[in-house]
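K.L.:
Show me the folded form of this:
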Amino acid sequence: MEIFAISGLVNGSVAVGFGLLVILKNWRNRVNQLYFLMTISLAIWSFYYWLWLSSTDYDTALNYVQLLSAGSLFIPVFFFHWIVTYLNQERSHRIILILAYLLSISILFFYKSELFISGLSQKLYFTFWPSAGIIYDLYFSLIYVGLVLFSWLLLFRARKDRRYESKRGPILYLIIGSLIGFGGGFTNFPLWFGLPIPPYGNFLIAIFPFTFFYSMYKYKLFSTKTLTTEIGVFLLAEILLVKTVLSNSLTELILQAILFLLVSFFGIIIVRSVYKEIQQREKIEKLAGDLARANKNLATANDRLKEVDQLKSEFVSLATHQIRGPLSAIKGYASLVLEGDYGKLTEKLNDPLEKIYKSSQSLIVIVEDFLNISRIELGRMKYDFTRINLSALITELVAELKPNIESKGLSTSIKIEKDVEIVADDGKIKQVFANLIDNAIKYTKEGTVTISLDCIKGKAHFAVKDHGIGMNKDTIPKLFQKFSRAKDASKTNIMGTGLGLYVASEIVKAHHGRIWAESDGEGKGSTFRVELDCK
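P.N.:
I've put the predicted structure just below:
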């Protein structure tokens, strides 16, 4: 008989442990709440079962039987309520729930009456085994059997229903666990009704909450974490608790109790540390997921920006092509009129036509810069590399720009080594040096423009130095970017766009050379240098 009493202690401890593990995870969740209430009812029944079978006198045994019966009244009710809540069918079975609770509460008032427990007597090897009264017969048939069978029916139906396809795994475990648990508990009742069948299945009751808890681990039936660690700590504590209760002496009781408390204390610390580690890992995984999604969105946006940028470049290319034609015509006709091909000009017309000619020339340069940028961005810039005399090219440029230098009253210092040859695209590289010399003239109000070229150790070094507006150290790194200009540059040259140096830089890069700028500061002039391979 002692082994049956121990089964009650084990069942109660397991029920309380699993119930607490669930409710402490998320006590606001209704499914968790009902599971906890069901396990507490099962624990009340189990602990009083242990005390009853451990009793040595009639009155004590009867008192415990009455209490365990009162606790067991709500096991099937909470089980049914838990099942319909999990299946989202609570509303459709509200009337049955209300009647079940009302009937259980009503019967609770008779738990001390002989109509519930008629008495105790010797049955098989149990000294004090109860006999059921008429009210207990009503409870057993209507609530215990009726509600449990109806719960199983709902679970079997749900397992075949497509609406519960995602819950088929957990439902299977609910069916198996409840069949084993209630089946084991059912073996207690034959002796109540005079049938000589011992309650060997009582040990199976512990499988009831354990099976449900396992389904949480496998199918995440509840909101739980750190299950493996918790179950390990819990089972160890359960074993120590049972050993403590079954101690044969005071010394053994004290030692076992201390060991139980120590294991429980350190077990809680371990679970908390594992839980924190999992939380940190989840945060990292969430951040990694967010980062991956952000990178994906960024990649998509970047692809879209590239597409838009290409469309922009194609539009600029098309638009500037269309603009360049009319501008060239304006410049050409203005030149013809100024040269007298359409008759002698009056003094009043000469000045405005001169302005039209110069403005159209400036606009053509700007349009050409835009065209070059669009060609560079679209990868359509073509180069025709040939051997050219760079010395002659720069000398020619200086001669072409001499009128501009003289008109501003600037002096020049020319130091060009003879016959410096490079491999380059004649037109493109000429555009680079023309831009640099022209900038030096435009941004210098007075003083000297110094132009030099030499070839040392296979490198051609070109430099143009002015006494113009100069630059600070923050401006120099940005000079060769699109639309970037030195501070106060617009005061000296309104028509500048900040595109010429960018185009020059890209052309020099295509020639495997270097281009850079130097300045001692604002108002102290600038020096632009180009380095190319030479012969």
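
K.L.:
Pull out the buried positions in stretch 335-346.
P.N.:
Val337, Leu338 (16 or more other Cβ atoms under 10 Å). All C-beta atoms are positioned from the backbone trio N, CA, C, and that covers glycine.

K.L.:
do stretch 406-424 as well
P.N.:
Using 16+ other Cβ under 10 Å as the test for burial, stretch 406-424 gives Leu410, Thr412, Ile416, Val420, Ile422, Ala424.

K.L.:
just checking, which of those belong to helices?
P.N.:
For the buried residues of stretch 406-424, not one is inside helices, with DSSP state H as the criterion.

K.L.:
How many neighbouring residues does Ser131 have?
P.N.:
16 (other Cβ atoms under 10 Å).

K.L.:
That one should be in a strand, yeah?
P.N.:
Yes - judged by DSSP: H, G, I helix; E, B strand; the rest coil, Ser131 forms part of a strand.

K.L.:
immediately after the helix or strand hosting Leu67, which helix or strand?
P.N.:
If you go by DSSP states H and E, Leu67 is part of helix 58-72. Next helix or strand after helix 58-72 toward the C-terminus (DSSP H and E): helix 75-86.

K.L.:
returning to what we had before: just the closest of the buried residues of stretch 406-424 to Leu154, please.
P.N.:
Here the nearest of these to Leu154, counting by Cβ to Cβ, is Ala424; it sits at 87.3 Å.

K.L.:
tell me the contacts of the closest one?
P.N.:
Phe385, Thr386, Ile388, Leu390, His511, Leu532 (Cβ atoms under 8 Å, 6 or more residues apart in numbering).

K.L.:
For the first one, grab the count of nearby residues.
P.N.:
Same thing as Phe385. Phe385 has 14 neighbouring residues, counting by other Cβ under 10 Å.

K.L.:
Repeat that for the third one.
P.N.:
Number of residues near Ile388 (other Cβ under 10 Å) recorded here: 17.

K.L.:
before we move on, back to that, the helix holding Leu67 - contacts with which helices or strands?
P.N.:
helix 30-53, strand 117-123, strand 126-132 (3 or more Cβ pairs under 8 Å, 6 or more residues apart in numbering; DSSP states H and E).

K.L.:
mind listing the strands for the stretch 351-500 of the chain?
P.N.:
Remark: strands assigned in the stretch 351-500 of the chain by DSSP state E, counting those that start in this stretch are 385-389, 411-416, 421-425, 448-456, 459-465.

K.L.:
Throw those strands into TSV and include mean pLDDT and distance to Asn202, thanks.
P.N.:
What follows is the strands of the stretch 351-500 of the chain, written out as TSV (pLDDT from 0 to 100; distance: least, Cβ to Cβ, whole Å):
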stretch	mean pLDDT	distance to Asn202
strand 385-389	91	97
strand 411-416	89	111
strand 421-425	90	98
strand 448-456	91	103
strand 459-465	92	98
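
K.L.:
Please produce CSV containing the ones you listed, extended by distance to Ala504.
P.N.:
Compiled in CSV, the strands of the stretch 351-500 of the chain are given as follows (distance: least, Cβ to Cβ, whole Å):
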stretch, distance to Ala504
strand 385-389, 17
strand 411-416, 19
strand 421-425, 13
strand 448-456, 15
strand 459-465, 11
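
K.L.:
do you know which of the ones you listed lies nearest Ile95?
P.N.:
Across the strands of the stretch 351-500 of the chain, closest to Ile95 is strand 421-425 (Cβ to Cβ), at 92.5 Å.

K.L.:
Quick one: end-to-end length of stretch 435-453, please.
P.N.:
16 Å (Cα to Cα, to the nearest Å).

K.L.:
Nearest to Glu285, out of the helices and strands packed on helix 58-72?
P.N.:
Nearest to Glu285, of these and by Cβ to Cβ, is helix 30-53 at 24.5 Å.

K.L.:
where does the protein have its least confident helix or strand?
P.N.:
helix 489-492 (a mean of 45; mean pLDDT, DSSP states H and E).

K.L.:
any idea how far Ile356 is from the residue of the chain most remote from its centre?
P.N.:
Centroid-distance maximum for the chain: Lys344 at 77.1 Å, with Cα atoms, centre = their mean. For Lys344, the distance to Ile356 (Cβ to Cβ, to the nearest Å) stands at 18 Å.

K.L.:
same thing with Val398?
P.N.:
Taking Cβ to Cβ, one finds Val398 at 27 Å from Ile356.

K.L.:
just Ile107 next, same as before
P.N.:
The value you get for Ile107 to Ile356, if Cβ to Cβ is used, is 110 Å.

K.L.:
what's the helix or strand for the nearest residue to Asn202 once chain neighbours are set aside?
P.N.:
Closest residue to Asn202 apart from its sequence neighbours, by Cβ to Cβ, 6 or more residues apart in numbering: Ser7 at 4.6 Å. Using DSSP H and E, Ser7 sits within helix 2-23.

K.L.:
How far does that helix sit from its chain's centre?
P.N.:
Averaging C-alpha positions (Cα atoms, centre = their mean, to the nearest Å) puts helix 2-23 42 Å from its chain's average.

K.L.:
For stretch 525-535, buried residues please.
P.N.:
Gly525, Ser526, Thr527, Phe528, Arg529, Val530, Leu532, Cys534.

K.L.:
What is the nearest of those residues to Val337?
P.N.:
Among these, Phe528 lies closest to Val337 (Cβ to Cβ), at 36.2 Å.

K.L.:
contacting residues for the closest one?
P.N.:
With contact taken as Cβ under 8 Å, 6+ apart, Phe528 is in contact with Leu436, Asn439, Ala440, Ala463, Val464, Ile515, Trp516, Ala517, Glu518.

K.L.:
Can you list phi and psi of it for me?
P.N.:
phi -110, psi 130 (degrees, to the nearest 10).

K.L.:
Distance of it relative to Arg168?
P.N.:
When Phe528 is compared with Arg168 (using Cβ to Cβ), they lie 77 Å apart.

K.L.:
next one: Gly184
P.N.:
Distance of Gly184 to Arg168, computed by Cβ to Cβ: 25 Å.

K.L.:
Look at these two and report which has more neighbours.
P.N.:
The residue with more neighbours, out of Gly184 and Arg168, is Gly184; 21 against 14, by other Cβ under 10 Å.

K.L.:
if I look at that one, how far off is Phe116?
P.N.:
For Gly184, the distance to Phe116 - Cβ to Cβ - is 23 Å.

K.L.:
What is the burial count for Trp50?
P.N.:
Count around Trp50 with other Cβ under 10 Å applied: 23.

K.L.:
Model confidence for Gly470, exactly?
P.N.:
Turning to Gly470, the model gives it a pLDDT of 83.

K.L.:
In which helix or strand does the nearest residue to it once chain neighbours are set aside reside?
P.N.:
In space, and not counting its chain neighbours, Gly470 is closest to Lys524: 4.3 Å by Cβ to Cβ, 6+ apart. For Lys524, there is no helix or strand it lies in under DSSP H and E.

K.L.:
Go through the contacts of Ala424 and name the one nearest Leu138.
P.N.:
His511 (103.6 Å).
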